[in-house]
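>>> what's the 3D shape of this:
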Amino acid sequence: MKLSKLIGKRIKEAPKDAQTDSHIFLIRGGYVRQVSAGIYSLLPLAKRVTAKIEGIIREEMEKVDGQEILMPVVLPGELWEESGRLADVGLELLRFEDRNNKLMLLGMTHEEAVVHIARTEIESYKQLPAMLYQIQTKYRDEARPRAGLIRVREFTMKDAYSFHTTQESLDEYYPLVHGAYARIYDRVGLKEIVSIESDPGMMGGAVSHEFMALAECGEDIIFMSPDGRYKANRDIATTTVEKIKEDSAPLEKVHTPGQRSIEEVAGFLGVPKNRTGKAVLYLDQDDKVVFVMIRGDIEVNEVKLKNHLKLKELRQATDDNITEIGAVPGYASPMNIDGSKVRIIVDPTVRDTPNIIVGANETDYHYRNFNFDRDIGTLIDDVEFVDIRTVKAGDACPVTGEPLLMKRGIEVGNIFQLGTKYTESMNCKFLNENGSSRPMIMGCYGIGIGRLMAAVVEESHDRFGPIWPFSIAPFHLHLCALNIKKDNIKELADRLYGELLENNVEVLYDDRGEKAGSVFNDADLIGVPYRIVISPKTVANNEAEFRSRDGTQIEMLPLDSVANFVTELINTQKTKI
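Okay, here's the model as predicted:
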């Protein structure tokens, strides 16, 4: 490809709204162009990169017996009604009516569509296990798209779905896909990638993992032990909280006028926040009060709480709601409340901390020396003890005991064990060995293509532009011809370009005749792994300059050996992909 013909110009300045490196360099390098908020066109350079990513993904999916299909972007709403998700998913699912007033939607994920295929094409246990995958456009109407391709509304995803006769079969297959994902990320050149346990969210299922590319711009929070043995995202991470050993002291009501918050009460009574108990009250979908209690120095993790309650949303209780259960806003505790009107969730830290300060359910009063098991009374039988703690950096790792590290990551893939969430509701069944009809058991596996490309740039760049790993670079070599009107430079460069093409080297040839500064700035912004420079200065010595984009390799080559040198280098690199 000659640079003079390449569609996609380089831009000197960073876009005003671009804050992440990948957003800046993909725009400046002529890789992508924004059409609307969260919607981008991929220009030829980006299309070449994503095509190589997709090629690697296809190879790895085939190694785990994946069969490629293509499902429609536009789906009938009735499929999502069958699964029960149509009413559950919010505004991020774009709905519309066709000319026949039939409800349609743009697929943000394709579980329903693939189950529809499986229930029509798979009948017998002899056909299972089976895995179907596609690389297809998705649309998710994000409220706040950001960071270029990292959070968009329209995107391309590889989504795969496996079908099994038993949970044991899924348990055997799941790690095979996990291994395939690890190979994919290694082959595309990502080095800082971790697999972590995660919350399945709206996908459902019991077991799930996310693959995170570590990056400071990442939206996801990850907690890790220093040795890497423990890894989990913020939504499910846990910690070991040391139990405080102390003899129980007598319960004492104390006057705390106007002291409502944990900070105020702890300061007024001269105790650390970890010797207080915090009450947080919510309403569930039936408007029943959920009374949550946790140690005062720890925040409630609402994702853990919602997962335990099997709720998608929680609302804050009002003062009237709190009063109705016999508690007092600002001074609430589970003592003497109406157990018939409330569900009580208590973090074990409250039970494990003696002599804490809690509300007295009386304005301007708290109790000192509250001991949960002793003072809760008959409500103890209704209490649900659940880990609802929000972990923070430095908390003790539940595996090693060492202080947890907090990292940021970009989610570049996820895998789920879905079980029968979709197959039961959509009547997707097979006949087993005994002729009995059973629901298929599913797994689900996704990778965002554009986001993966952006994550590679976040990890591999310098202040001048991206440094593409060889395996997914848009071209293998950038041929730079300087002062093309002098000393037969153009003729020499044209001849070398032709030789390299004949040797199946992917070459981007800068034939424009621009000044050296412009040539090199553009080459850095494009980020091709290797570069050959031919100029009057090099030709005077019958040489060409070879350098790698990362600057680790620089040498002068005899002109008559350049084609062979580059071809051998490229062929060697191809064997490593």
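>>> Return the distance of stretch 245-265 from the chain's centre.
Counting by C-alpha atoms, centre = their mean, to the nearest Å, stretch 245-265 is centred 42 Å from the centre of its parent chain.
>>> Run through who's touching it.
Here stretch 245-265 makes contact (C-beta atoms under 8 Å, 6 or more residues apart in numbering) with 268-269, 273, 276, 278, 296-297, 330-331, 354-355, 357, 360, 362, 364-371, 374-375. The way it works is simple: take the backbone N, C-alpha and C, and place the C-beta from them, glycine included.
>>> change it to 6 Å
Residues outside stretch 245-265 that contact it (C-beta atoms under 6 Å, 6 or more residues apart in numbering): 268, 273, 276, 278, 296, 330, 354-355, 357, 360, 364-369, 371, 375.
>>> And stretch 138-145, by the same measure?
Residues outside stretch 138-145 that contact it (C-beta under 6 Å, 6+ apart): Ala37, Gly38, Glu92, Leu94, Leu106, Met108, Arg151, Val152, Arg153, Glu154, Phe155, Met157.
>>> Specify the beta-bridge partners of the most centrally placed residue in the chain.
What sits nearest the mean C-alpha location of the chain, by C-alpha atoms, centre = their mean, is Glu411, with 1.9 Å. Beta-bridge partners of Glu411, counted by DSSP bridges, are Met212.
>>> Run through the residues that contact it.
Contacts of Glu411 by C-beta under 6 Å, 6+ apart are Glu210, Met212, Asp220.
>>> List buried members of the contacts of stretch 245-265 by neighbour count.
Among the contacts of stretch 245-265, those classed as buried by 16 or more other C-beta atoms under 10 Å are 268, 273, 276, 278, 296, 330, 354-355, 357, 360, 365-369, 371, 375.
>>> residue ranges for the helices of the stretch 301-450 of the chain, please.
Here the stretch 301-450 of the chain has its helices, by DSSP state H, counting those that start in this stretch, at 302-309, 319-324, 348-351, 372-375, 421-425, 449-459.
>>> just so I know, which of these lies nearest Asp511?
Asp511 lies closest to helix 449-459 among those, at 26.3 Å (C-beta to C-beta).
>>> Average pLDDT for that closest one, rounded please.
Helix 449-459 carries an average pLDDT of 98.
>>> contacts for that helix?
By C-beta under 6 Å, 6+ apart, helix 449-459 touches 21-22, 25, 49-50, 53, 148-150, 155-156, 189, 192, 213, 215, 410, 412, 466.
>>> Could you rerun that using 7 Å?
Residues from elsewhere that reach helix 449-459 (C-beta atoms under 7 Å, 6 or more residues apart in numbering): 20-22, 25-26, 46, 49-50, 53-54, 135, 148-150, 152, 155-158, 188-192, 213, 215, 217, 410, 412, 466, 469, 472.
>>> just for the stretch 451-577 of the chain, where's the confidence low?
Scanning the stretch 451-577 of the chain for pLDDT under 70 picks out nothing.
>>> Which parts of it are strands?
Taking DSSP state E, counting those that start in this stretch, the strands of the stretch 451-577 of the chain run over residues 461-462, 465-466, 477-481, 507-510, 530-534, 543-548, 554-558.
>>> Provide the strand pairings for the last one, with the direction of each partner.
The reference is to strand 554-558. Here, using DSSP bridges, strand 554-558 pairs with strand 543-548 (antiparallel).
>>> Next, report how far the strand it pairs with is displaced from the centre of its chain.
39 Å.
>>> Residues contacting it, please?
By C-beta under 7 Å, 6+ apart, strand 543-548 touches 529-534, 538, 553-559, 562.
>>> and what of stretch 557-569?
By C-beta under 7 Å, 6+ apart, stretch 557-569 touches Leu477, Leu492, Leu496, Glu499, Leu500, Asn503, Val505, Ile532, Asn542, Glu543, Ala544, Phe546.
>>> so can I have CSV of those residues showing neighbour count and distance to Met224?
Converted to CSV, those look like this (neighbours: other C-beta atoms under 10 Å; distance: C-beta to C-beta, whole Å):
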residue, neighbour count, distance to Met224
Leu477, 24, 38
Leu492, 18, 53
Leu496, 22, 48
Glu499, 16, 49
Leu500, 22, 44
Asn503, 15, 45
Val505, 20, 41
Ile532, 25, 42
Asn542, 10, 54
Glu543, 19, 49
Ala544, 26, 46
Phe546, 19, 40
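>>> Make TSV out of the residues you listed and add distance to Ala396.
What follows is the contacts of stretch 557-569, written out as TSV (distance: C-beta to C-beta, whole Å):
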residue	distance to Ala396
Leu477	51
Leu492	65
Leu496	61
Glu499	62
Leu500	57
Asn503	58
Val505	54
Ile532	55
Asn542	66
Glu543	61
Ala544	58
Phe546	52
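>>> Kindly indicate which of the residues you listed lies nearest Thr165.
Once C-beta to C-beta is applied, the member of the contacts of stretch 557-569 that ends up nearest Thr165 is Val505, at 48.7 Å.
>>> roughly how far apart are the closest one and Leu525?
Plainly put, Val505 is 21 Å away from Leu525 if you go by C-beta to C-beta, to the nearest Å.
>>> For Met157, list the residues it contacts.
Gln136, Lys138, Gly446, Ile447, Gly448, Ile449.
>>> Which strand or helix spans it?
Using DSSP states H and E, Met157 sits in strand 154-164.
>>> try Tyr282
strand 277-283.
>>> what about the nearest residue to Pro403 once chain neighbours are set aside, distance to Gly218?
In this structure, Pro403 finds its nearest non-sequential neighbour in Gly394, 4.7 Å apart by C-beta to C-beta, 6 or more residues apart in numbering. As judged by C-beta to C-beta, Gly394 and Gly218 stand 20 Å apart.
>>> go on, Leu105?
Separation of Leu105 from Gly218 (C-beta to C-beta): 29 Å.
>>> which sections of the stretch 201-350 of the chain are below the confidence cut-off?
201-206.
>>> could you redo the last one with a cut-off of 90?
Within the stretch 201-350 of the chain, the segments meeting pLDDT under 90 span 201-208, 219, 228, 233, 235-236, 240-246, 285-286, 307, 310-314, 334-341.
>>> Who does Leu42 form a beta bridge with?
With DSSP bridges as the rule, Leu42 is bridged to Val32.
>>> Hmm, Val49 and it touching each other?
No - with contacts counted by C-beta atoms under 7 Å, Leu42 stays clear of Val49, the gap being 8.6 Å.
>>> quick one: which of those two has more around it?
Taking other C-beta atoms under 10 Å, Leu42 and Val49 do not tie; Val49 has more neighbours (26 against 21).
>>> ok, and what's touching the helix or strand hosting the more buried one?
In this structure, Val49 sits in helix 44-63 according to DSSP H and E. For helix 44-63, contacts defined as C-beta under 7 Å, 6+ apart pick out 6-8, 26, 29-32, 42, 68, 133, 135, 156, 158, 160, 180, 183-184, 187-188, 447, 449-450, 452-453, 471-472, 474, 526.
>>> Pull out the buried positions in it.
Applying 16+ other C-beta under 10 Å to helix 44-63 flags Leu45, Ala46, Arg48, Val49, Thr50, Lys52, Ile53, Glu54, Ile56, Ile57, Glu60, Met61 as buried.
>>> All good on my end, thank you.
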